[in-house]
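>>> Any chance you could fold what I've pasted below:
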Amino acid sequence: MEETHTGKAALIQANYHTHTRRCLHAGGTDEEYVQEALRQGYDVLGFSDHCPWPYESGYIPRMRMRLEQFAGYRESVLALRDAYRGRIEILLGLEAEYFPRYMDWLLDFAIREGIDYLIFGNHYHESDETGQYFGKIARDQFDVYVRTVLDGLETGMFSYLAHPELPLRSLDWDEGMRPGFEAICRYCAAHDIPLEYNVLGLQLARRTGREGYPHHHFWEIAGSCGCRAIIGMDAHHPRDLRVSLYRQAKKNLETFGVKLTDRIPRVDFVRLRERKQKEKSE
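Residues are numbered from 1 along each chain as shown. Below you'll find the predicted structure:
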């Protein structure tokens, strides 16, 4: 892995977690996100809409673009990259799950389509065709979430882990969760994988008055494990890029002793595929 950008001593303002209305639960045009990012002073804007999958069952997703829509997504992001070159850096990414039977396909897809990076958003168990949403699970499924996070990270395909404490969207914190979250944090610290401080979740907490994700207990663990954090706006509308939200997230992270980064590792997908193919042949 090599860093996305270098050369600036101070943190730049970057967001790599940006959705588009193709996911069926976001608003605004692609260019409106770029224009708002410029108004708010961003140096880097990464588009990372929910990954389309080649569903074997013919399943029609309700929270992501269909595979046939990807070409339009890619064309739009690359056109905006060219149009705004020199004013803001625009990256082509995807937020993807760990769906075991589709991971080889995803690696080939990332290479073929020139994907800049993948964010790991562990939303569903095995596939949203049949799997349960981890943001709304029973307490006895928490260990399944932890195991699949670790399995997904082990693929080496992801630049960072989005909303790592997603189950707390529905579950209340209890101390029995600590070992699982510690395992995630220790793995990310050992492999230098940033953890996302999710600003969309921060907005939800403000509206509801309930702390879900980000959760202070999780970030205390992250700080004690020596993890790096990256701020992810998880923008589903251009207004979600407000710099006041970014600054609040940065201020919150400072209280947990977590080192903040604006740089995401860039995975060499070609080299990764070669390594995996070699391992299979041995």
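>>> all contacts plus neighbour counts: C-alpha atoms, from now on.
OK.
>>> and residue 257, what helix or strand is that in?
Using DSSP states H and E, residue 257 sits within no helix or strand.
>>> Strands of the stretch 51-200 of the chain, start to end?
For the stretch 51-200 of the chain, the strands defined by DSSP state E, counting those that start in this stretch cover 89-96, 117-120, 160-161, 195-198.
>>> which secondary structure elements does the longest one contact?
To tie it back to what came earlier, the one meant is strand 89-96. Strand 89-96 sits against strand 44-50, helix 70-83, strand 117-120, with contacts defined as 3 or more Cα pairs under 8 Å, 6 or more residues apart in numbering; DSSP states H and E.
>>> and if you look at the shortest one?
With contacts defined as 3+ Cα pairs under 8 Å, 6+ apart, the secondary structure elements packing on strand 160-161 are strand 117-120, strand 195-198.
>>> In TSV: those, plus mean pLDDT, mean neighbour count and distance to residue 95.
What follows is the helices and strands packed on strand 160-161, written out as TSV (pLDDT from 0 to 100; neighbours: other Cα atoms under 10 Å; distance: least, Cα to Cα, whole Å):
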stretch	mean pLDDT	mean neighbour count	distance to residue 95
strand 117-120	98	26	5
strand 195-198	98	27	12
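>>> Residue 149 is in contact with residue 184, correct?
Yes. Using Cα atoms under 8 Å, residue 184 is in contact with residue 149, at 7.4 Å.
>>> so residue 270, which of the three states?
Of the three states, residue 270 takes helix under DSSP: H, G, I helix; E, B strand; the rest coil.
>>> Offset the numbering so it begins at 390, please.
Okay, residue one is now 390; in that scheme the one you just asked about reads as residue 659.
>>> Compute the number of surrounding residues for it.
Residues lying near residue 659 (other Cα atoms under 10 Å) number 13.
>>> doesn't residue 499 make contact with it?
No. Using Cα under 8 Å, residue 659 is not in contact with residue 499, being 9.1 Å away.
>>> Looking at the strands of the stretch 440-589 of the chain, which is nearest to residue 634?
strand 584-587 (10.5 Å; Cα to Cα).
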